[in-house]
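S.K.: return a 3D structure for these sequence lines:
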Amino acid sequence: MTMKTRKDYFKGITTDINSKEIIKTSKLVSRLTTLMVQANKAIVGANAFAHESGIHQDGVMKFRGTYEIINPTTVGLTESMMVMGKHSGRHAFKARLKKLGYDLDGAELLNAFEHFKVLADRKKVIYDEDLEAIADENSSKIQERIKLIYLNVSSSTPPGVPTATIKIEMDGNTVIDASTGDGPVDACYKAIERLSKVQLKLVDYKLNALTQGKDAMGEVYLKVIGPGNIEVSGRSSSTDIIEASAKAYINALNKYLHKKESLKNNSKKQHGI
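M.R.: Predicted coordinates for the structure are as follows:
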């Protein structure tokens with residue numbers, strides 16, 4: 001961006017990089033690696049083009065170049081758009097996803113649209129970031145052996161004990177169990193462990209608000225290590241952060257089971273079994 005911004009200094013030296021894809025690429029890398037971009041990170045951080053001080057805001061409104069040597073649009077930063085509502089149809093939904101770079105079809109599109117309709121009932125304003133989270137969550141190629149059917153959580157300060165009741169579908173069978181924990185999220189994870197018979201060690205957990213407002217979707221990233229020292233990550237989003245936490249854990253659990261099976265099959269092939 002220095003070369004692009006200071007063309008006079010670099011005397012016409014250019015690159016073939018499409019700078020308008022920088023923000024989108026940063027978000028993609030963040031999602032794939034489950035690493036959050038720091039708010040104060042240059043160019044791609046949430047505060048890179050934010051102006052809080054009154055004199056700064058006044059200056060930017062009169063002439064952006066006063067405090068912004070780089071125009072935000074040149075790196076792909078645009079205003080977050082309210083694009084969809086509860087009455088939006090599947091064709092409009094698919095078209096908007098395509099503009100955002102997601103080409104979903106078949107079962108993926110159907111699942112994503114159902115997810116969208118549930119979200120539309122929960123929040124009045126749906127932004128592009130919400131649609132991107134839905135698309136990411138429903139474009140996984142990993143078989144979902146475990147699916148969340150029902151979740152009921154009660155939280156309490158001491159001497160009360162947080163409790164979670166979880167119902168899941170596992171390999172076609174529906175099972176339900178409950179557990180207590182240090183908090184509602186811990187109770188959920190322990191209940192899922194009891195149901196799946198798989199113990200995963202949580203080594204990283206991050207929660208991020210996708211958009212503004214009290215009804216914003218919270219996106220949970222987590223990393224776990226399972227038996228056999230197999231490390232996987234999970235991600236999910238919801239306006240209910242407890243639900244997002246449970247789904248992210250199940251997402252990681254499905255990845256763990258898939259990876260474990262793949263390693264087992266590869267071992268058999270190597271030994272000619």
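S.K.: and Met36, how far from Val44?
M.R.: To Val44, Met36 is 11 Å away according to Cβ to Cβ, to the nearest Å. Quick note: C-beta positions are derived from backbone N, CA and C, even for glycine.
S.K.: among these two, which residue is more densely surrounded?
M.R.: Legend: neighbour count by other Cβ atoms under 10 Å for Met36 and Val44, higher for Val44 (19 against 14).
S.K.: what strand or helix carries the nearest residue to that one once chain neighbours are set aside?
M.R.: Once flanking residues are discounted, Val44 sits nearest to Ser26: 4.0 Å by Cβ to Cβ, 6 or more residues apart in numbering. When elements are assigned from DSSP states H and E, Ser26 belongs to helix 22-33.
S.K.: CA atoms only: put that helix into PDB for me.
M.R.: Provided in PDB are the C-alpha atoms of helix 22-33 (Å, rounded to 0.1, in the frame of the first residue of the first chain):
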ATOM      1  CA  ILE A  22      -7.100  -6.900   1.000                       C
ATOM      2  CA  ILE A  23      -9.900  -6.600   3.600                       C
ATOM      3  CA  LYS A  24     -11.700  -9.600   2.200                       C
ATOM      4  CA  THR A  25      -8.500 -11.700   2.100                       C
ATOM      5  CA  SER A  26      -7.700 -10.700   5.700                       C
ATOM      6  CA  LYS A  27     -11.200 -11.800   6.800                       C
ATOM      7  CA  LEU A  28     -10.800 -15.100   5.000                       C
ATOM      8  CA  VAL A  29      -7.400 -15.800   6.500                       C
ATOM      9  CA  SER A  30      -8.800 -14.900  10.000                       C
ATOM     10  CA  ARG A  31     -11.700 -17.400   9.500                       C
ATOM     11  CA  LEU A  32      -9.500 -20.200   8.200                       C
ATOM     12  CA  THR A  33      -6.800 -19.800  10.900                       C
END
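S.K.: count of residues packed around the residue nearest to Val44?
M.R.: Counted with other Cβ under 10 Å, Ser26 comes out at 17.
S.K.: before we move on, back to that, tell me the buried residues in the helix holding Ser26?
M.R.: Within helix 22-33, the residues that count as buried by 16 or more other Cβ atoms under 10 Å are 22-24, 26-27.
S.K.: residues near Ala48, how many?
M.R.: 18.
S.K.: phi, psi for the residue nearest to it when sequence neighbours are not counted please.
M.R.: Nearest residue to Ala48, sequence neighbours excluded (Cβ to Cβ, 6+ apart): Ala42, at 6.1 Å. Here is the backbone geometry of Ala42 (degrees, to the nearest 10): phi -60, psi 140.
S.K.: who's in contact with the closest residue to Ile126 other than its chain neighbours?
M.R.: Sequence neighbours aside, Met84 is the residue nearest to Ile126 in space, at 4.7 Å (criterion: Cβ to Cβ, 6+ apart). Met84 is in contact with 92-93, 96, 116, 120, 126, 131, counting by Cβ atoms under 8 Å, 6 or more residues apart in numbering.
S.K.: ok, Met84 to Ile23 distance?
M.R.: 21 Å.
S.K.: before we move on, what about Val161?
M.R.: Val161 is 44 Å from Ile23, by Cβ to Cβ.
S.K.: the strands in the stretch 151-273 of the chain, which residues?
M.R.: Remark: strands assigned in the stretch 151-273 of the chain by DSSP state E, counting those that start in this stretch are 163-170, 173-180, 201-209, 218-226, 230-238.
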